[in-house]
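A.B. asks: coords please:
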Amino acid sequence: MDRARRALSQNFLTDRHAVHLMVKAAAPEGLVLEPGPGTGVLTFALAEAGARVIGYELDPRLAGALAAETRDDPRIRVVRGDFARARPPREPFAVVGSIPYSATSRIVDWCLRAPGLTSATLLTQREYARKRTGDYGRWSLVTVRSWPWFDWRLGETVGRESFRPVPSVDSAILRIERRARPLVTGRRSYQELVERGFGGVGGSVRASLRPHYAGVDAALAAAGLARDTVVGHVHPDQWVTLWRRLCL
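C.D. replies: As a prediction, this is how the structure comes out:
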């Protein structure tokens, strides 16, 4: 059992206060998909808050136990399988979950690709949440590339003692919310700009973009960026300004 738990990167959320923080951050309503419900601590809290929950559990033992426990509860359905391989619902839905650290990138990528996703409230490794929300003063490609469509926010820290077994690091709530209106009108041109910026040589956003666009210096000035600004230090909103100056 312990070997299987390690293989599936299972650390179960047991702290009721942390569950409360997750539900408060998610403000669940309507359909909610939960990756890795485990023993169902968060699942029941989401249902009590008014959500219809579909939990995707990869561990057959846990999936069977939770399915049996919720068999007569119309608010909860348990699916045995990999959340990241699930087909997104056609109706609007949210994702809420305390997710395995090892599956974080796959789950986040799935959420960003799902057309009906309204928000994702994920309990992740704290370092991951800080990196994705610019808390270190740097911005990642994943965040910048999706920024016109999704707002990324760092929520409450949840200490490692809130899990069993206790992991080696703390967690934090990562909130990804779809914007009511995108900040740009050209997805392809914006993402091409960002990928060229992050994929260039020389370190600075100026060095990365000048081979591909005219008027880069004027665009940098409009965005309030120095010519030697490192790509990772460009705020996502400044990328939107660069796109407006260079791609419209």
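A.B. asks: mind checking pLDDT for Ala221?
C.D. replies: At Ala221, the model reports a pLDDT of 98.
A.B. asks: what helix or strand is Ile173 located in?
C.D. replies: With elements taken from DSSP states H and E, the one containing Ile173 is strand 171-178.
A.B. asks: shaky segments in this structure?
C.D. replies: Within the chain, the ranges that satisfy pLDDT under 70 run 1-9.
A.B. asks: re the thing from before, convert the helix or strand following the strand holding Ile173 to PDB, retaining C-alpha atoms only.
C.D. replies: Per DSSP H and E, the first helix or strand lying C-terminal to strand 171-178 is helix 187-199. What follows is helix 187-199, C-alpha atoms only, in PDB (Å, rounded to 0.1, in the frame of the first residue of the first chain):
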ATOM      1  CA  ARG A 187      -4.400  34.500 -29.600                       C
ATOM      2  CA  ARG A 188      -1.900  33.200 -32.200                       C
ATOM      3  CA  SER A 189       0.000  36.500 -32.600                       C
ATOM      4  CA  TYR A 190       0.200  37.100 -28.900                       C
ATOM      5  CA  GLN A 191       1.400  33.600 -28.000                       C
ATOM      6  CA  GLU A 192       3.900  33.800 -30.900                       C
ATOM      7  CA  LEU A 193       5.200  37.100 -29.500                       C
ATOM      8  CA  VAL A 194       5.600  35.600 -26.000                       C
ATOM      9  CA  GLU A 195       7.300  32.400 -27.200                       C
ATOM     10  CA  ARG A 196       9.700  34.400 -29.300                       C
ATOM     11  CA  GLY A 197      10.500  36.500 -26.200                       C
ATOM     12  CA  PHE A 198      11.100  33.500 -24.000                       C
ATOM     13  CA  GLY A 199      12.900  31.500 -26.700                       C
END
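A.B. asks: got a list of contacts for helix 187-199?
C.D. replies: Helix 187-199 has contacts (Cβ atoms under 8 Å, 6 or more residues apart in numbering) with 141, 144-145, 148-149, 184, 205, 208-209, 212-213, 231, 234, 239-240, 242-243, 246-247. Any C-beta I mention is one placed from the backbone N, CA and C, and that applies to glycine too.
A.B. asks: do that again at 6 Å, thanks
C.D. replies: Outside helix 187-199, the residues within contact range by Cβ atoms under 6 Å, 6 or more residues apart in numbering are Leu141, Val144, Arg145, Val184, Val205, Ser208, Leu209, His212, Val231, Trp239, Trp243, Cys247.
A.B. asks: mind listing what the fifth one touches?
C.D. replies: Read that as Val205. Gly197, Thr229, Val231, Val234.
A.B. asks: likewise the first one?
C.D. replies: Listed by Cβ under 6 Å, 6+ apart, the contact set of Leu141 reads Phe198.
A.B. asks: distance check, it against Phe198.
C.D. replies: Here the criterion is Cβ to Cβ, to the nearest Å. By it, Leu141 lies 5 Å from Phe198.
A.B. asks: most neighbours, which of the contacts of helix 187-199?
C.D. replies: For these, the largest number of neighbours (other Cβ atoms under 10 Å) sits with Val205, at 29 neighbours.
A.B. asks: Glu177: what's it in contact with?
C.D. replies: By Cβ under 6 Å, 6+ apart, the contact list for Glu177 reads Ser119, Asp151.
A.B. asks: let's see it at 7 Å
C.D. replies: Shown in contact with Glu177 (Cβ atoms under 7 Å, 6 or more residues apart in numbering): Ser119, Phe150, Asp151.
A.B. asks: most surrounded residue in those residues?
C.D. replies: Ser119 (22 neighbours).
A.B. asks: cheers, nothing more for now.
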